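Chemist: have a look; sequence and predicted model below, questions after that.
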Amino acid sequence: MIDAAAFDLDVVEEEIAVLPGAKTRMWTYGGDFPGPTIRRPVGERTLATFRNKLPAKAGELTVHLHGAHNTSADDGQPGGLTNNLRASMYCDISNRLTPAESGNDLLIEHGGQRTYTYDFVEGGQPERAAMHWYHDHRLDRTSRNVWRGLAGMWISDDALDASLPLPRGSVVRMRYTYDNSSGNPRNPNRPPRRRCSSCPFRGRWPTSATPPRATRSHAPASAASSSSGPRSNPTDRPMRRAKRSRSRT
Ligand SMILES: [Cu+2]
C-alpha cells in the first residue's frame, strides 16, 4: 500500500500469477495486479507520477482517478487522434486539432511520464472519505487497457470515517470484482465476454482465504465494477457503502 504524499509508479508489462499457478502477461501499475492500493487523507495534496514503460504498441496512456473531483488537467483526459490512434470509432474527431485542443498534451507518451495533482477538495472543503479506483482512460483504448490490468484502488480517509465504529487495520479487505466485458460490441478492443484462458484470472474468480471474523468491505464507486462476484465469506457483509460517483468511467 502507498500512503506517501508523492510517489512514482512505472507502468510496465509483467507476467502476473493472479491466482497461484499459470501466469498472464498483463499491463500493470508498478508490476502488480491490481495496481498498488493508495491510501490518502482527503484535503491533503498527493502528487502521483506515472511513467509509461509499456511496449510502444500500447500507445499513449492517461490515468483517471475515478470518483474524485479533480481539475480538468489532472482528471485523466482521454486525448484525441495520434499516430498510434488514427481514427476513433466512438467520436468524430478531427486530426487537425492542436495538442491542447485534443488533450493530447495531457497524455503520457511511450517512454514519457506525467505527474497528477490530487487534492480531494470540492467547493473549498475536503471531500468525504470514499473508495475510488484509478485506471487508464485513453480514447478508444480504455476497455483494452483496463482489461489488460491498468486498474488499482484508492482509499481516501477523513475524520468522520475514522470516528465510526468499524473494523480497522488488518481486518479491512477489499472486494475487487473485475468485470470489464461491457461496451460497444463493435469495438475491436472489446475483450471476450466469456471466462477463458486469456482472461486475467485464467477463467477462475479469486476466492478469499480470510478467516471467518468481522470484516469491513470496500467497494469502488464505479459502475464499471460489477458486484456479481461470489460471496466467499458469509461474514463479509458490507458495513460501509462508497458514495455514488458523479464521475464518469
Ligand atoms: Cu472511471
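Modeler: Structure's in. What do you need?

Chemist: for the chain, which residue gets nearest to the ion?
Modeler: His66 (3.2 Å; CB to the ion). All C-beta atoms are positioned from the backbone trio N, CA, C, and that covers glycine.

Chemist: partners of that residue in the sheet?
Modeler: With DSSP bridges as the criterion, His66 is bridged to Trp133.

Chemist: right, and it touches Tyr134 too?
Modeler: Yes: at 6.7 Å, His66 counts as touching Tyr134 under the criterion of CB atoms under 8 Å.

Chemist: okay, the two: which has more neighbours?
Modeler: Neighbours per residue, other CB atoms under 10 Å: of His66 and Tyr134, the larger number sits with Tyr134, 27 against 24.

Chemist: ok, the more buried one touching Thr37?
Modeler: No: Tyr134 is not in contact with Thr37 according to CB under 8 Å; the separation is 10.1 Å.

Chemist: what residues are shared contacts of these two?
Modeler: 152-154 (CB atoms under 8 Å, 6 or more residues apart in numbering).

Chemist: out of those residues, which sit inside strands?
Modeler: Within these, residues falling in strands by DSSP state E are 152-154.

Chemist: quick check: mean pLDDT of the host helix or strand of Val146?
Modeler: Applying DSSP states H and E as the criterion places Val146 in helix 142-147. Across helix 142-147, pLDDT averages out at 89.

Chemist: kindly report the same for stretch 107-127.
Modeler: For stretch 107-127, the per-residue pLDDT averages 96.

Chemist: what do you get for stretch 165-178?
Modeler: Mean per-residue pLDDT for stretch 165-178: 63.

Chemist: quick one: Lys57 is in a strand?
Modeler: No: under DSSP: H, G, I helix; E, B strand; the rest coil, Lys57 falls outside any strand and is assigned helix.

Chemist: what's near enough to touch it?
Modeler: Lys57 touches Asn84, counting by CB under 8 Å, 6+ apart.

Chemist: any stretches of the chain with poor pLDDT?
Modeler: Across the chain, the ranges flagged by pLDDT under 70 are 169-249.

Chemist: the helices in it, which residues?
Modeler: Taking DSSP state H as the criterion, the chain contains helices spanning 99-102, 142-147, 159-163.

Chemist: Provide a list of residues in contact with Thr28.
Modeler: Neighbour list for Thr28: 11-14, 16, 35, 149-150 [criterion: CB under 8 Å, 6+ apart].

Chemist: who's it bridged to?
Modeler: Val12.

Chemist: one step back: just say which of the helices of the chain is most tucked in.
Modeler: helix 142-147 (a mean of 22; mean count of other CB atoms under 10 Å).
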